[in-house]
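*Asks:* here's a sequence, model it:
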Amino acid sequence: SPSLFLERYTPPVLIDEIQYATELLPYIKIYADEKKKKGHIWLTGSQAFHMMKGVSESLAGRVGIINLLGLSNAEIYGYESEPYTTDRERLMKRLQNVQPKNLKEIYARIFKGSMPEIYANDHIDTETYYRSYVETYLQRDVRDLTQVADSLSFYNFMTVVAANTAKPVVYERLAAATGISAPTAKKWLSILLTSQIIALVQPYHNNILKRSTKMPLLHFLDTGLAAHLLRWGNPEALERGAMSGAFFETFVFSEIYKSYINAGLTPPLYYYRDKEKREIDLLIFENATLYPIEVKKAASPGIRSMKNFSALSPLEDSETFKGIEYLKVNIGSGNIISMTEHLLPIDKRNTYVPAWLI
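*Replies:* Sure, this is the predicted structure:
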């Protein structure tokens, strides 16, 4: 009986897989309102569909939500985690705690992915693990909890989405490649988003900088899962393959994204594309300041890699915000994240950053 549950299991208590027992939530609400004791009830769940719906309806204002994604570099390699910054001095401090990695090691990390169990058990075969993960996800989470009847079509859709990582979302393209309608593609992509398989990055714009696209950018959050879906057999093949650059960009994005999530913050991440087709891979927007980031797989990307940072220069014109100073946006330090071996200054403001440092 749900009403007797908290009498039988006296708090403090941890309830696992709460999405299968959402009928407990109204009684947890009553307990929280009566006792007003923080931290007495912990709820965990492996998927967010019904769980978050129930939490938002029953426990609004009474619960703190912590999203747990795959392991970050900081968690895997054992150094302090903090939200990513483009600031050169803070990056230099990070150098003291992070061990350099070469191309082979970075792509081994990309290929392996971020699932905790893979790192907890060295004897796990990653191919077997990801195959079981996908089967469980399709059976338990997608079919049973979202009423998607055609698991095979959804699996094919996941594969198409993985092939489009680091690209703008075009529902018609995803639909055509899967043999479904564009509205279905939009619905299914929202399922992947809700279950934190993917993240979407919105294009940045303001009154001064006019965007040329409304399409968000798509990133698979676990590169190991994406590699499995696309049947890359080993890190070497992935590194040499046609999607090497896209996987590298997605890996960099996911690490920066997780650095904010793990700090309990909403990632302030955008990308930029204008009418002249100038693109900036990633923008961090904090404290009315834009911090541009370009991601290049090259070991020596060159200064031209940041040429599109100039698209932000109208924001630095003193006349731009005359009369609307409250809308003022500043330009902060920028990074080119690449396979370079060392942290190096490009100029007074911008820095080459090795991928192993993120």
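*Asks:* what average pLDDT does stretch 334-347 get?
*Replies:* For stretch 334-347, mean pLDDT rounds to 96.
*Asks:* ends of it, how far apart?
*Replies:* One end of stretch 334-347 to the other measures 10 Å (Cα to Cα, to the nearest Å).
*Asks:* count the residues that sit near residue 312.
*Replies:* Residue 312 has 23 neighbours, counted by other Cβ atoms under 10 Å. Every C-beta, even on glycine, is put in place using the N, C-alpha and C of the backbone.
*Asks:* one more: residue 158?
*Replies:* Neighbour tally, residue 158, other Cβ under 10 Å: 24.
*Asks:* ok, now the one 5 residues further on?
*Replies:* Neighbours of residue 163 under the rule other Cβ under 10 Å: 16.
*Asks:* what's the closest non-adjacent residue to it?
*Replies:* residue 230 (6.1 Å; Cβ to Cβ, 6 or more residues apart in numbering).
*Asks:* now swap in residue 6 and tell me
*Replies:* In space, residue 6 is closest to residue 31, 5.5 Å off (Cβ to Cβ, 6+ apart).
*Asks:* thinking the one you found is in contact with residue 41, fair?
*Replies:* Yes: contact criterion Cβ atoms under 8 Å: residue 31 and residue 41 qualify, at 7.0 Å.
*Asks:* now for the two: what residues contact both?
*Replies:* Contact criterion Cβ atoms under 8 Å, 6 or more residues apart in numbering; residues shared by residue 31 and residue 41: residue 11.
*Asks:* check the residue nearest to residue 124 when sequence neighbours are not counted and give its pLDDT.
*Replies:* Closest residue to residue 124 apart from its sequence neighbours, by Cβ to Cβ, 6+ apart: residue 118 at 5.5 Å. According to the prediction, residue 118 has pLDDT 96.
*Asks:* confirm residue 227 sits in a helix?
*Replies:* Yes: counting by DSSP: H, G, I helix; E, B strand; the rest coil, residue 227 is part of a helix.
*Asks:* pretty sure it is touching residue 109, no?
*Replies:* No: between residue 227 and residue 109 there is no contact, the gap being 11.3 Å when judged by Cβ under 8 Å.
*Asks:* compare the two (neighbour count), which wins?
*Replies:* Under the criterion of other Cβ under 10 Å, the comparison of residue 227 against residue 109 puts residue 227 first, with 28 against 21.
*Asks:* just list the residues touching that one, thanks.
*Replies:* Here residue 227 is in contact with 110, 111, 113, 238, 247 (criterion: Cβ under 8 Å, 6+ apart).
*Asks:* any idea whether the residue nearest to residue 124 is helix, strand or coil?
*Replies:* Using three-state DSSP, the structure places residue 118 in helix.
*Asks:* what's the burial count for it?
*Replies:* For residue 118, using other Cβ under 10 Å, the count is 20.
*Asks:* distance of it relative to residue 295?
*Replies:* 24 Å (Cβ to Cβ, to the nearest Å).
*Asks:* ok so, going back, mind checking which helix or strand the residue nearest to residue 6 is in?
*Replies:* Using DSSP states H and E, residue 31 sits within helix 25-35.
*Asks:* buried residues in that helix?
*Replies:* Under the neighbour-count criterion of 16 or more other Cβ atoms under 10 Å, helix 25-35 has 25, 27, 28, 29, 31, 32 buried.
*Asks:* sorry, back to before: was I right to think the residue nearest to residue 163 contacts residue 162?
*Replies:* Yes: the criterion here is Cβ under 8 Å, and residue 230 meets it with residue 162 at 5.4 Å.
*Asks:* how about the strands in the chain?
*Replies:* 13-15, 41-43, 167-168, 198-203, 217-220, 269-273, 279-286, 289-295, 330-331, 335-338, 344-345, 351-354 (DSSP state E).
*Asks:* starting from the longest one, tell me which strands it pairs with and how they run.
*Replies:* If you go by DSSP bridges, strand 279-286 pairs up with strand 269-273 (antiparallel), strand 289-295 (antiparallel).
*Asks:* so in this structure, which helix runs the longest?
*Replies:* helix 244-261 (DSSP state H).
*Asks:* any regions of this protein where pLDDT drops low?
*Replies:* 48-54, 56-57, 144-146, 211-212, 318, 321, 325-326 (pLDDT under 70).
*Asks:* how is it carved up into domains?
*Replies:* According to automatic domain parsing, the chain comprises the domains 2-58, 73-357.
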